[in-house]
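Novice: can't give you the sequence, but here's the structure:
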Ligand code: GUN
């Protein structure tokens with residue numbers, strides 16, 4: 001193995017530290033405590049874990065955590081009423097409705113009911129449009145975390161060839177827009193891409209976000225490239241039990257790449273850290289204050 005391992009766990013701790021400093025300043029200098037509201041509908045076990053972690057980390061950086069845990073039978077109108085009340089509450093600066101919502105609720109309707117200025121997920125159609133046109137937006141947390149790590153590792157990304165594998169609205173598309181914003185030459189590859197190995201081989205930066213375990217082998221990687229692995233997949237171990245792996249085959253890619261994020265401990269921890277960063281950013285914007293440097297796109 002030759003690649004530098006990009007330690008997302010340490011990086012996320014650093015981001016949370018910066019967020020905590022901004023929170024202290026907002027409290028001491030302006031008497032404002034940023035507030036993040038998380039809405040969970042139903043009892044999906046994975047969602048419950050995410051929401052618990054979000055609430056815990058929100059409190060740890062000194063912000064107010066507001067949780068609305070609603071029964072799985074909650075109607076769309078009832079959920080919309082909760083969103084409306086959070087939109088109108090000046091002590092709430094960020095709102096997140098944990099996805100997926102139950103089948104009888106339309107996720108897009110809920111996301112687009114959130115005040116775009118409080119949309120700390122960056123999923124509202126207004127924020128998608130602002131990002132796509134290179135304007136100031138709330139940016140989805142996982143791609144923002146990837147961008148922060150890439151900027152830290154490379155300094156300038158200008159002129160680099162970036163290949164994003166995966167075209168999801170949550171990761172692939174916003175990631176491509178962020179890389180374009182930093183003047184990369186960007187290709188979005190996906191399941192129908194012709195000669196995917198050849199396309200990936202051109203990349204100085206590979207961002208893998210397809211949700212297919214260990215799909216990218218080391219011999220697709222250009223020597224010295226930076227590999228950002230967004231995948232989190234649980235697979236069976238030959239000896240029994242399970243383990244987490246990414247969308248790239250870590251061992252073979254680490255032999256060729258210049259830098260690589262591990263799974264776990266790479267991109268994963270950055271997502272909640274960036275959610276907290278987005279909440280501070282939203283709070284500063286709502287109060288007409290300077291945005292935190294280094295925590296936005
Ligand atoms: N479910 C899984 N990841 C996410 C996320 O980043 N935001 C929301 N709202 N729901 C999720």
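Specialist: Here it is on my side, so go on. Remember, it's a predicted structure, so these values are computed and weren't measured experimentally.

Novice: Tell me where the stretch 101-250 of the chain has strands.
Specialist: Secondary structure of the stretch 101-250 of the chain (DSSP state E, counting those that start in this stretch): strands located at 161-165, 185-189, 205-208, 226-229, 233-236, 242-245.

Novice: which residues touch the fourth one?
Specialist: I take that to be strand 226-229. 3, 6, 146, 149-150, 153-154, 204-208, 216, 221, 246-248, 250, 253, 257-263, 266-267 (Cβ atoms under 8 Å, 6 or more residues apart in numbering). All C-beta spots, glycine's among them, are computed from the backbone N, C-alpha and C.

Novice: now do the first one
Specialist: Strand 161-165 is touched from outside by 172, 175-176, 179, 184-190, 196, 199-200, 202-210, 215-216, 247, with contacts defined as Cβ under 8 Å, 6+ apart.

Novice: Now list the buried members of those.
Specialist: The neighbour count (16 or more other Cβ atoms under 10 Å) marks 172, 175-176, 179, 184, 186-189, 196, 199-200, 203-210, 215-216, 247 as buried among these.

Novice: pretty sure residue 68 is in a strand, no?
Specialist: Yes: using DSSP: H, G, I helix; E, B strand; the rest coil, the secondary structure at residue 68 is a strand.

Novice: Compute the number of surrounding residues for it.
Specialist: 18 (other Cβ atoms under 10 Å).

Novice: Residue 82 now?
Specialist: Around residue 82 there are 19 other residues, counting by other Cβ under 10 Å.

Novice: Count the neighbours of whichever residue of the chain sits closest to the ligand for me.
Specialist: Nearest to the ligand, among the residues of the chain, is residue 99, at 3.6 Å (Cβ to the nearest ligand atom). When neighbours are defined as other Cβ under 10 Å, residue 99 has 16 of them.

Novice: Equivalent analysis for residue 221, please.
Specialist: Neighbour count for residue 221, taken as other Cβ under 10 Å: 27.

Novice: show me what contacts the residue nearest to it when sequence neighbours are not counted?
Specialist: In space, and not counting its chain neighbours, residue 221 is closest to residue 256: 4.5 Å by Cβ to Cβ, 6 or more residues apart in numbering. Neighbouring residues of residue 256 by Cβ under 8 Å, 6+ apart: 2, 3, 218, 219, 221, 222, 223, 225.

Novice: just checking, the last one touches residue 208?
Specialist: No: using Cβ atoms under 8 Å, residue 225 makes no contact with residue 208, being 11.6 Å away.
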